[in-house]
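> Would you be able to build a 3D model of this:
(chains A and B)
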Number of protein chains: 2
Amino acid sequence: MNSVNVPDIIVSRLPVYLRALQYMAINGSTTTSSQELGEKVGISAAQIRKDLSQFGEFGKQGTGYHIQFLTERLQQILKVDKVWDVVLVGMGELGHAILRYQGFSHRGFQIVACFDSDPAKVGTQVGPYTIGNVSDIADVVKNAGIKMAMLCVPATAAQPVTDKLVEAGIKGILNYAPVSLTVPNNVRVQYIDPVIGLQRMVYYMVGK
Amino acid sequence: MNSVNVPDIIVSRLPVYLRALQYMAINGSTTTSSQELGEKVGISAAQIRKDLSQFGEFGKQGTGYHIQFLTERLQQILKVDKVWDVVLVGMGELGHAILRYQGFSHRGFQIVACFDSDPAKVGTQVGPYTIGNVSDIADVVKNAGIKMAMLCVPATAAQPVTDKLVEAGIKGILNYAPVSLTVPNNVRVQYIDPVIGLQRMVYYMVGK
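Prediction:
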């Protein structure tokens, strides 16, 4: 169903639409329009219609979109109509915060194992998880066929751990370490670096 | 010095170049090329040369870029050649992790105050910070002329807190709450939502 020709930039906006639709549904709405959705996400109504038209017909002129239907279709398109297993590497303070975050499972992801290299942490319990040794990560990932990882290790450890993860079969890495990763073409990386976000804004600031 | 006509997409890549250059410098390099930089950040050498050419001449054919010079120029362009004050709102587990993160100050930012609405948290100490009452945030922001905020509150609180921040003069918000914010045209928002990052990758996954 997915077209291989859909540009990355369009794919990258779909999760933002999906999040807004799910939030509208929680707040009791059943229908919306490209105008309303556009105002919520800061993207023009025309762009939204164009993006969605890549995947079929979702709304009707004058009646707009049925939120539940569009939500389910976007979940199918994005392949989050099921729950993906994810491993978490690096159990510092951020790793702990992520592990306890409740917002993953209803949006398509669950952390199934977490790892650290610090002998003082390995074997200890965090909620329902026992922190595993990072040296065992390849076995766990391979045996369970896990495809996704979150990386919260220090910058210096990020590339070596990435190499291990890729070797073990990981195809998508959400990288919190403040460093760009080198991966093969068939592996995707998304970066989460708060400083990059801040730096992207101050360029536009006037004055102090 | 900044051209108002530089496209957002180019500006958004500059912090990524800057981070890679700083990392190279830490590892002892003094010069680089658009090829090498491109491999580090996953962007083509031609694109990097084109992006940088928007702001002047930085390298020489055959000798490449002097890392320290290009770093300083990018810091000036991005306005992170000084340190920006930032307030942090929402002192849950993520807020604590961010407050303790050591990676802000050498990249242009320092958290100067943190806030929560929970009476059990207000007035308590986290490292050198005393958690302030969110009801006092407008006064603190106005008095200190602070322009940047990080938002780690629950989704339901994000828009009301944003309205307060904007009213008080905040012009840039790094939003960790999993919801799109509505702000005036002169206010920038950058989003940090790990699930969006994960969803942007699974679209491309094959199989399980």
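
> what residue ranges in chain A are flagged as low confidence?
The model of chain A has pLDDT under 70 over residues A:1-4, A:207-208.

> and the residue nearest the centre of it, helix, strand or coil?
Geometric centre of chain A, nearest residue: A:Leu174, 6.9 Å, by CA atoms, centre = their mean. Put simply, A:Leu174 is strand when judged by DSSP: H, G, I helix; E, B strand; the rest coil.

> just checking, it touches B:Met201?
Yes - counting by CB atoms under 8 Å, B:Met201 is a contact partner of A:Leu174 at 7.5 Å. From N, CA and C alone the C-beta is placed, and that goes for glycine too.

> picking that back up, across the sheet, point out what pairs with the residue nearest to the centre of chain A.
A:Met150, A:Gln190 (DSSP bridges).

> So for A:Leu174 and B:Met201, which residues contact both of them?
A:Met148, A:Gln190 (CB atoms under 8 Å, 6 or more residues apart in numbering or on different chains).

> which residues sit in contact with the residue nearest to the centre of chain A?
Contacts of A:Leu174 (CB under 8 Å, 6+ apart): A:Val86, A:Met148, A:Ala149, A:Met150, A:Leu151, A:Val189, A:Gln190, A:Ile192, B:Pro194, B:Gly197, B:Leu198, B:Met201.

> From A:Arg188, how far out is it?
According to CB to CB, to the nearest Å, A:Leu174 stands 10 Å off from A:Arg188.

> Also A:Asp51?
Computed as CB to CB, the A:Asp51 to A:Arg188 distance reads 20 Å.

> Next: A:Gly169.
Taking CB to CB, one finds A:Gly169 at 14 Å from A:Arg188.

> what's the spacing between A:Ile48 and chain B?
12 Å (CB to the nearest CB, to the nearest Å).

> Give me the number of neighbouring residues for the closest residue to that residue other than its chain neighbours.
What sits nearest to A:Ile48 in space, not counting adjacent residues and going by CB to CB, 6 or more residues apart in numbering or on different chains, is A:Ser34, at 4.5 Å. When neighbours are defined as other CB atoms under 10 Å in any protein chain shown, A:Ser34 has 22 of them.

> Would you map out the domains in chain A?
As recorded under automatic domain parsing, the domains making up chain A are A:8-78, A:84-196.

> Please state the offset of the longest one from the chain centre?
Translated: domain A:84-196. 13 Å (CA atoms, centre = their mean, to the nearest Å).

> Same check on stretch A:14-32?
Counting by CA atoms, centre = their mean, stretch A:14-32 comes out at 17 Å from the chain centroid.

> buried stuff in it?
For stretch A:14-32, burial by neighbour count (16 or more other CB atoms under 10 Å in any protein chain shown) applies to A:Leu14, A:Pro15, A:Val16, A:Tyr17, A:Leu18, A:Arg19, A:Ala20, A:Leu21, A:Gln22, A:Tyr23, A:Met24, A:Thr32.

> ok, stretch A:66-78 near chain B or not?
Yes - residues of stretch A:66-78 contacting chain B under CB under 8 Å from any CB of the partner chain: A:Ile77, A:Leu78.

> To clarify, my last question referred to stretch A:124-133.
No - using CB under 8 Å from any CB, stretch A:124-133 stays clear of chain B, coming no nearer than 11.5 Å.

> What of stretch A:53-64?
No - if you take CB under 8 Å from any CB as the test, stretch A:53-64 misses chain B, and the best it gets is 11.1 Å.

> what about stretch A:15-34, start to end distance?
From the first residue to the last, stretch A:15-34 extends over 15 Å; the measure is CA to CA, to the nearest Å.

> Show me which strand runs longest in chain A.
strand A:109-116 (DSSP state E).

> That one - which strands sit beside it in the sheet, and in what orientation?
So strand A:109-116, judged by DSSP bridges, has these partners: strand A:84-89 (parallel), strand A:132-133 (parallel).

> Could you point out the helix or strand that follows that strand?
Using DSSP states H and E, the helix or strand that directly follows strand A:109-116 along the chain is strand A:125-126.

> circling back: which of the domains of chain A has the highest mean neighbour count?
Greatest average neighbour count among those goes to domain A:84-196 (a mean of 18), per mean count of other CB atoms under 10 Å in any protein chain shown.

> Show the end-to-end separation of that one, please.
Note: domain A:84-196 ends 27 Å apart using CA to CA.

> Among the buried residues of stretch A:14-32, name the ones in helices.
Among the buried residues of stretch A:14-32, the members found in helices (DSSP state H) are A:Leu14, A:Pro15, A:Val16, A:Tyr17, A:Leu18, A:Arg19, A:Ala20, A:Leu21, A:Gln22, A:Tyr23, A:Met24.

> I'd assumed B:Arg200 was in contact with the second one.
Same thing as A:Pro15. Yes - using CB under 8 Å, A:Pro15 is in contact with B:Arg200, at 5.9 Å.

> Lovely, talk soon.
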